[in-house]
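Asker: What follows is a predicted protein model with its sequence.
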Amino acid sequence: MCRPASKPYCPGEGESVLRILLPGPLNLEVTLECGQAFRWEKVQGSRGIAYKGVVGAYSVMLSLCDVSGTCGEKDAGREFPCLLVSFDPVVVKGTTREMLADAVFRYLSLDDDLDTIETTLIEKDQIMRKALEFSRGLRLLRQDPWECLASYIISVHNNIPAIRRVISYLSKQLGEPTGLREYSFPAPRAILSNPAVLDLARCGFRKEYLLDAARKVDGGEVDLSALGEMPVEKAASELMKIKGVGPKVADCVLLFAYHRLEVFPVDVWILRAMSRFYFGGRQISTKTAREEGIRRFGKFAGYAQEHLYHYVRNSFGL
DNA sequence: AAACAGGTGCTAA
DNA sequence: TTAGCACCTGTT
């Protein structure tokens, strides 16, 4: 049997399924439905509930093997269950199973040491401890930067069903097939050459924002491949060269695509939560909320933010 | 019917 | 630097 550290996947589950031995906790449902990514769809798979979505150039269906199943493995008295990844062999042809497993492993940030992160946050304060109880095993993803950027531009002053609809439509119209009847999010150039599709997608006033983003990314004025190497503030100001990208969208991209765990995106929910929990209900600015989040939660502020977000959305009527 | 939804750009102090 | 307002579109 393979072990998490040395060999992250196990072949032999069949032609179009691979298994990834989980090196730590993973709450698939919270991770994929907490709102950091917009495209995952809950489906009824052959083995029960699964999530269908796109990782890189390929569609996959993700599910956890059941606790009583035989595919988990004990190591040092601790059980590590498996993640099942099924894919379309026709589309994946030419890619090795190792490469696909690595892509999923990286996308889900299975290398993050959740025990350390969650323990650190729980010790911060009682609010965070309560919040953590609702979303243990949540992992911040490493999404594709362009798709993430475009998605959060679309999210501006919008609601989640509408956001999902727009992204889904654009992908279907302009993206590449990725198997399982899904399509990749369209590249900047695909959008630039079919701007009318943005109207059909009903993205409203965000159309000009998306076009500006596509132009600046395609033209190299904003170099997405260079952002990972920059200090966060510098990377954020690069992103904010784009019309429609302010502090909140920039922080979301840095957190959900570049895995900059020290940022603390503030939307209306986080603003309410910070005001209520840490400022006695007093009115505060988003700037104040952001600074306080970073001050309190330090290098794991991003994880704190996501747990807090999930907490206020799912257990309060704020 | 009117307000609101994962903010941002613009303008005015 | 900060406050106030409009904004496509869809839903309640």
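Answerer: Yep, it's here. From a predicted model like this one, the values you see are computed outputs, not experimental measurements. Numbering: from 1, shown residues only, chains lettered A, B, ... in the order given.
Asker: For A:Ser171, see how far away A:Ile122 is.
Answerer: 38 Å (CB to CB, to the nearest Å). Every C-beta, even on glycine, is put in place using the N, C-alpha and C of the backbone.
Asker: Between the two, which is the more surrounded one?
Answerer: Comparing A:Ile122 with A:Ser171 by other CB atoms under 10 Å, the one with more neighbours is A:Ser171, at 20 against 17.
Asker: Could I get the phi/psi values of the nearest residue in space to the more buried one that is not next to it in sequence?
Answerer: Sequence neighbours aside, A:Tyr183 is the residue nearest to A:Ser171 in space, at 4.3 Å (criterion: CB to CB, 6 or more residues apart in numbering). Main-chain dihedrals, A:Tyr183, degrees, to the nearest 10: phi -140, psi 150.
Asker: show me what contacts A:Tyr183?
Answerer: For A:Tyr183, the contacting residues are A:Val54, A:Ser171, A:Lys172, A:Gly175, A:Glu176, A:Pro177, by CB atoms under 8 Å, 6 or more residues apart in numbering.
Asker: quick one: what helix or strand has whichever residue of chain A sits closest to DNA strand C in it?
Answerer: Across chain A, no residue is closer to DNA strand C than A:Gly204, which sits at 2.2 Å (CB to the nearest atom of the strand). Here A:Gly204, judged by DSSP states H and E, is contained in no helix and no strand.
Asker: count of neighbours near it?
Answerer: By the measure other CB under 10 Å, the count of residues near A:Gly204 is 16.
Asker: now swap in the one 10 residues further on and tell me
Answerer: Around A:Ala214 sit 25 other residues, with neighbours defined as other CB under 10 Å.
Asker: is it true that it lies in a strand?
Answerer: No - counting by DSSP: H, G, I helix; E, B strand; the rest coil, A:Ala214 is not part of a strand but helix.
Asker: quick one, what contacts the residue nearest to it when sequence neighbours are not counted?
Answerer: In this structure, A:Ala214 finds its nearest non-sequential neighbour in A:Pro188, 3.9 Å apart by CB to CB, 6+ apart. Going by CB under 8 Å, 6+ apart, A:Pro188 touches A:Trp146, A:Ala213, A:Ala214, A:Arg215, A:Val217, A:Asp218.
Asker: Was I right to think the second one contacts A:Ile242?
Answerer: Okay, so that is A:Ala213. Yes - assessed by CB atoms under 8 Å, A:Ala213 is found in contact with A:Ile242 at 4.7 Å.
Asker: and for these two, which residues touch both?
Answerer: A:Leu149, A:Ile153, A:Val222.
Asker: okay but the first one is in contact with A:Met240, surely?
Answerer: Right, A:Leu149. No - assessed by CB under 8 Å, A:Leu149 is found out of contact with A:Met240, at 11.3 Å.
Asker: Comparing those two, which residue is more hemmed in?
Answerer: Shown here are A:Leu149 and A:Met240; by other CB under 10 Å, A:Leu149 has more neighbours (29 against 15).
Asker: Am I right that that one is in a helix?
Answerer: Yes - the assignment for A:Leu149 is a helix, going by three-state DSSP.
Asker: Isn't A:Glu182 up against A:Lys52?
Answerer: Yes - judged on CB under 8 Å, A:Glu182 makes contact with A:Lys52 at a distance of 7.0 Å.
Asker: give me the residue from chain A nearest DNA strand B.
Answerer: For chain A, CB to the nearest atom of the strand, closest residue to DNA strand B: A:Gly35, 1.6 Å.
Asker: can you list the residues of the stretch 201-318 of chain A near DNA strand C?
Answerer: Contact residues (CB under 7 Å from any atom of the strand) of the stretch 201-318 of chain A with DNA strand C: A:Arg202, A:Cys203, A:Gly204, A:Phe205, A:Arg206, A:Ser285, A:Lys287.
Asker: top of the residues you listed by neighbour count?
Answerer: A:Cys203 (25 neighbours).
Asker: contacts for the host helix or strand of A:Leu100?
Answerer: In the assignment (DSSP H and E), A:Leu100 maps to helix A:97-107. The contact list for helix A:97-107 (CB under 8 Å, 6+ apart) reads A:8-9, A:11, A:18, A:20, A:55-56, A:58, A:60, A:62, A:83, A:85, A:87, A:92, A:111, A:141-143.
Asker: re earlier: A:Ala213 and A:Ile242: who's more crowded?
Answerer: For A:Ala213 versus A:Ile242, neighbours defined as other CB under 10 Å are more numerous around A:Ala213 (25 against 22).
Asker: what's the more buried one in contact with, if anything?
Answerer: Counting by CB under 8 Å, 6+ apart, A:Ala213 touches A:Leu149, A:Ala150, A:Ile153, A:Pro188, A:Val222, A:Ile242, A:Lys243, A:Gly244, A:Val245.
Asker: my guess is the second one contacts A:Ser184, does it?
Answerer: Translated: A:Ala150. No - assessed by CB under 8 Å, A:Ala150 is found out of contact with A:Ser184, at 12.0 Å.
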